[in-house]
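> everything below, folded, please.
(2 chains)
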Amino acid sequence: MSNQNLLNTYDDDIVRKFLMACLIWAGVAFLVGLIAALQLAYWPLNLNLEWITFGRLRPLHTNAAIFAFAGNAIFAGIYHSSQRLLKTRMFNDTLSAIHFWGWQLIIVAAAITLPLGYTHGKEYAELEWPIDLSITLIWVVFAVNFFGTIAKRKEKHLYVALWFYIATIVTVAVLHIVNSIEIPVSFMKSYPVFAGIQDALVQWWYGHNAVAFFLTTPFLGLMYYYIPKIANRPVYSYRLSIVHFWALVFLYIWAGPHHLLYTALPEWAQTLGMIFSVMLWAPSWGGMINGLLTLRGAWHLLRTEPTIKFLVTAVTFYAMSTFEGPLLSIKSVNALGHYTDWIIGHVHGGALGWNGFLAFGMAYYLVPKLWKTELFSKKLANTHFWIGTTGILLYYISMWAAGITQGLMWRNIDASGRLLYPDFVETVTKIVPLYWVRALGGLFFLTGYLIMMYNITKTIQQGNAAKATETIPTPAHQMGSHEHETGHRKLEGMATVFTVLALIAILVGSVIEIYPTLSLHKYVKQENITSPYTALELAGRDIYIKEGCYVCHSQMIRPMASEVLRYGQPSTLEESMYDRPFQWGSKRTGPDLARVGSKYPNLWHYRHMIDPRTVTPNSIMPNYPWLVQHDTDFLILRKKLSVMKNLGVPYSDAEVSNADIDAQKQAQTIADDLQAQGAPAGLAKKEIVALIAYLQALGQKGVKK
Amino acid sequence: MNNHQSNKEKDEIIKGHEYDGIQEYDNPLPGWWLTTFYGTIIFAALYYVYYTFMGGPTLSQELEAEMKAVPAVQSASADSNMTEDTLAAKFGDQNTIAQGKTVYVAKCLPCHAENGGGLIGPNLTDNHWINGQGTRVGIFKVISTGVTDKGMPAWEQMLKPEELTAVAAFVYSLKGTNVSGGKPPQGQEYK
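Coordinates of the predicted model:
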């Protein structure tokens, strides 16, 4: 094909590439998720292997689901729909290719480094600094390619789907860059510049808005293109599109602190997080209304078109999740649901139902189109639909039951003033049967996926991509037309102004919430100042992060009677003021550890890490036998302390230059104690001793009252 | 569907809005939706003003109120009438000791070993005691209030008084049995 002819066609090759990547990575994400679910139901499946133990596997699952599966789905949909909505080929084919291959390389890098334990210890932002930089670079390539396409568009006005794409690209860039500001210590280790509450606030501003601007806005954009397109019905309400779009992007960014309710975060910020989440309910449902009511007069398609089935169910799950989200943000509901499996259920309702089914619906529509054929089997697609839906419901319902059961058990205080379930493990064994149900749900979902892959493979085999080339038609409205336009309609023709306004909309809430928290000294009470970790404790802390302990253990005692009885006085923000990254956690599969220091003898921890069941019968925690085999890296501690000192941690020059020697001395003391109590000799160099030093320091750094 | 349409839903196609074949209606915002939106905004404003500016309770005030409602655990160990003699009858009762063994297996075994020979915690079967001097009252009090800086929890926060008595009785019954393979003696010897 000559160059001129090429320019007259859409680049669907890149769409096929992203779609295939999406479908292949989906299998990885679902399979790893199923393994992780089974590990929670049956701990021996951790296999005593460090690379696949739950703490390292769970980040692999979340990253694969979000960035590999959902990410590639978004790119496939955006590259496909934007070209058609703008009536032009993508800006630059080379940039498209760099975007595609760069993103896949990042995913491969994640799949290698996460099991090896290279992690920031911040959820959904685990990837270490070289990969962070690559993500930034590739995202910029994507942005240039996308905005370049907008610049050379032949259609004057931007359709609502594009508004959502614009908000996505701009906001994800801001979120990723701010949350990844870190100082490298070595090739694959860095510390964030933010500490304690700052880090917590920035992380959950990022984490929440990763859900908002990576899993919601781009998918709403896809919904706005594919639902009216496939159903061949006009969008229900243009006015609603405008109102709910701007309300959504403006309000969403504020809601992050609802992940930090009842923590040491200043209360004004917690309250903001809650009320903005409540206000998000209607704008979210605006998208649901426009999605579902567009199908008025086309409901019969629900019976005949599996694609429509998937899309409608996706929007329904979106509606459920976006009702449940505000509900869970209400403080008294959050008090029960936070740290439990209710949140896991909530997330999967969104991820499997909304993102999963929308991506599947899109794939069932796109594959026949991009390979110029019919879907191999509608019947199999229907089977996939029902198996998948059953899987999601099993998942959702079992996690509701598990979360609410456990939440109620944690807070139950009897008439004598004692916790009714003082042993945390009792509240775990109670819900293990539900973990099996959840795993079964995952198995259903995965089975549905395999049926889809068979169906899609067959479809591709009978199709022909070369014949699918589409010539770009003449746009309905030429660029140069100067009709008199006012208000939003005028804005839709001004892409740059539109983008700037979207950026401002998301910056307002960001700045108001984050800026005041950066002046940490305002909130730190001088009399509560804590002492920093010793070099060995810091080494142990990095092992805690490496093993992903934060995935199952929080370090944040909430100001509630049941927590005070179980764990001690509520955590203060001074206690984590030097924590880089903060490790407050978001889920308690095991108990809170904020004040675990000096609660148990060293030998208890030693035996517990090797086999938790020797000290806590029925525990579901994995074994960590490699901690007694691996040596602690003492030499790097000087560098680590010097980076911390530069970030403002009050280490003296002597502490920095003697870091390794001090650490070895402290390690020897602990190892001697372990040996005296009956543990083997020669543990001083081992990681387990550094980890014990850290665990024994937790909650012990503040002023003794 | 048309006969179910409200009057406001005119389903008028907006002229000039056509994107790759997709058209748009100019339907108004649904009333219930708008009401919900306004409702949440009003709620949000009132909530924020009350909790941030009008003296609504802070989290620590809420905790304080909640703690007041929780009855203080009656410390069984504070019973000043407790003597070796008042405990002797129960400590000699085989049923109490059997009940105590159940509690022991559930709570104490991980640190003191199944046979009481000690592991993470000290050997309970010799005549050496770090705390409690091996008396009935002494053992009862150590179990109740713990030796928290050594990792022995205050079990009265978790066990009911009769469970404390039972497990103390069981531990007392181990004294001097000197099981084989136990941890070497720690603390002072009390005969």
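> which residues are contacting stretch A:356-363?
A:19, A:22-23, A:26, A:69-70, A:73, A:76-77, A:219, A:222-223, A:226, A:307-311, A:313-315, A:317, A:384, A:388, A:392, A:445, A:452, A:456 (CB atoms under 8 Å, 6 or more residues apart in numbering or on different chains). All C-beta atoms are positioned from the backbone trio N, CA, C, and that covers glycine.
> please redo it, this time with the cut-off set to 6 Å
Residues from elsewhere that reach stretch A:356-363, judged by CB atoms under 6 Å, 6 or more residues apart in numbering or on different chains: A:73, A:77, A:219, A:226, A:307, A:310-311, A:313-314.
> isn't B:E189 right next to B:N127, touching?
Yes: in terms of CB atoms under 6 Å, B:E189 counts as a neighbour of B:N127; the distance is 5.4 Å.
> so the two - more neighbours on which side?
When neighbours are counted by other CB atoms under 10 Å in any protein chain shown, B:E189 and B:N127 differ, and B:N127 comes out ahead with 15 against 10.
> next, B:E24: secondary structure please.
strand (DSSP: H, G, I helix; E, B strand; the rest coil).
> quick check: chain neighbours aside, which residue is closest to A:R411?
Setting aside the residues directly before and after it, A:R411 is nearest to A:S562 in space (CB to CB, 6 or more residues apart in numbering or on different chains), at 4.1 Å.
> using TSV, lay out the contacts of stretch A:356-363 together with distance to A:N179.
Below are the contacts of stretch A:356-363 laid out as TSV (distance: CB to CB, whole Å):
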residue	distance to A:N179
A:A73	23
A:G77	25
A:F219	21
A:Y226	31
A:T307	36
A:F310	32
A:L311	32
A:T313	32
A:A314	28
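> from those residues, which ones fall inside helices?
Those of these mapping onto helices are A:73, A:77, A:219, A:226, A:307, A:310-311, A:313-314, per DSSP state H.
> any chance of TSV for those, columns pLDDT and neighbour count?
Shown next, in TSV, are the ones in helices among the contacts of stretch A:356-363 (pLDDT from 0 to 100; neighbours: other CB atoms under 10 Å in any protein chain shown):
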residue	pLDDT	neighbour count
A:A73	98	27
A:G77	98	28
A:F219	98	26
A:Y226	98	26
A:T307	96	25
A:F310	97	27
A:L311	97	29
A:T313	97	22
A:A314	97	28
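> quick one on the thing from earlier: of all the contacts of stretch A:356-363, which two lie farthest apart?
Spatial extent of the contacts of stretch A:356-363 (CB to CB) is set by the pair A:G77 and A:T313 at 17.4 Å.
> and residue 93, what are its phi and psi?
Just so you know, I chose chain A. phi -60, psi -30 (degrees, to the nearest 10).
> could you do chain B instead?
Dihedral angles (degrees, to the nearest 10) for B:D93: phi -80, psi 120.
> list the buried residues for the longest strand seen in chain B?
When chain B is parsed with DSSP state E, its longest strand is strand B:13-19. Under the neighbour-count criterion of 16 or more other CB atoms under 10 Å in any protein chain shown, strand B:13-19 has B:17-19 buried.
> what ranges in the chain fall below the confidence cut-off?
Since no chain was named, I'll use chain A. A:1-4, A:476-478, A:480-482, A:520-521, A:703-705 (pLDDT under 70).
> sorry, I should have been clearer: chain B.
B:1-8, B:77-78.
> who does the top helix by length along it touch, helix- and strand-wise?
Determined from DSSP H, the single longest helix within chain B is helix B:31-48. Where contact means 3 or more CB pairs under 6 Å, 6 or more residues apart in numbering or on different chains; DSSP states H and E, helix B:31-48 is packed against helix A:267-293.
> next SSE downstream of the helix it packs on?
helix A:301-304 (DSSP states H and E).
> alpha carbons of that next one, as CSV, please.
Only the C-alpha atoms of helix A:301-304 are listed here, as CSV (Å, rounded to 0.1, in the frame of the first residue of the first chain):
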residue,chain,number,x,y,z
LEU,A,301,-30.6,-7.1,21.8
LEU,A,302,-30.0,-8.3,25.3
ARG,A,303,-31.5,-11.6,24.3
THR,A,304,-29.7,-12.0,21.0
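> mind giving me the packing neighbours of that helix?
Using 3+ CB pairs under 6 Å, 6+ apart, helix A:301-304 is in contact with helix A:306-329.
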